[in-house]
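# model the following, please.
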Amino acid sequence: MDTPRRPRGGPHLENNRYWTLSESELRFVIQDAGEALRLNPTAEPADKWADQINDACTVLKIREERRI
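Numbering: from 1, shown residues only. I've put the predicted structure just below:
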């Protein structure tokens, strides 16, 4: 299995797999983790959900800026 690659100068993400996800998959991650965070803001994995949202948004923003 190939290792997902981030674009040159792209930020280091906790989960490198995000660089290989499609736009619709990234938007699903944002929606799903956002809903979980909204319903359970004090749950133990809340920080993980927030990180997932942040990483997915970062990848989408980089792609938009660089047209990747």
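# could you pull out the helices for the chain?
23-39, 46-66 (DSSP state H).
# most tightly packed of the ones you listed?
Highest mean neighbour count among the helices of the chain (mean count of other CB atoms under 10 Å): helix 46-66, with a mean of 16. For every residue, glycine as well, the C-beta is placed using N, CA and C.
# related to what we said a few turns ago, now the helices of the chain as JSON lines including mean pLDDT and distance to residue 5?
Shown next, in JSON lines, are these (pLDDT from 0 to 100; distance: least, CB to CB, whole Å):
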{"stretch": "helix 23-39", "mean pLDDT": "96", "distance to residue 5": "16"}
{"stretch": "helix 46-66", "mean pLDDT": "93", "distance to residue 5": "12"}
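# JSON lines for those, including distance to residue 17?
As requested, those are exported to JSON lines (distance: least, CB to CB, whole Å):
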{"stretch": "helix 23-39", "distance to residue 17": "10"}
{"stretch": "helix 46-66", "distance to residue 17": "10"}
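# out of the ones you listed, the one nearest residue 8 is which?
Among the helices of the chain, the nearest to residue 8 by CB to CB is helix 46-66 (9.6 Å).
# quick one: the closest one to chain centroid distance?
The chain centroid and the centroid of helix 46-66 are separated by 4 Å under CA atoms, centre = their mean, to the nearest Å.
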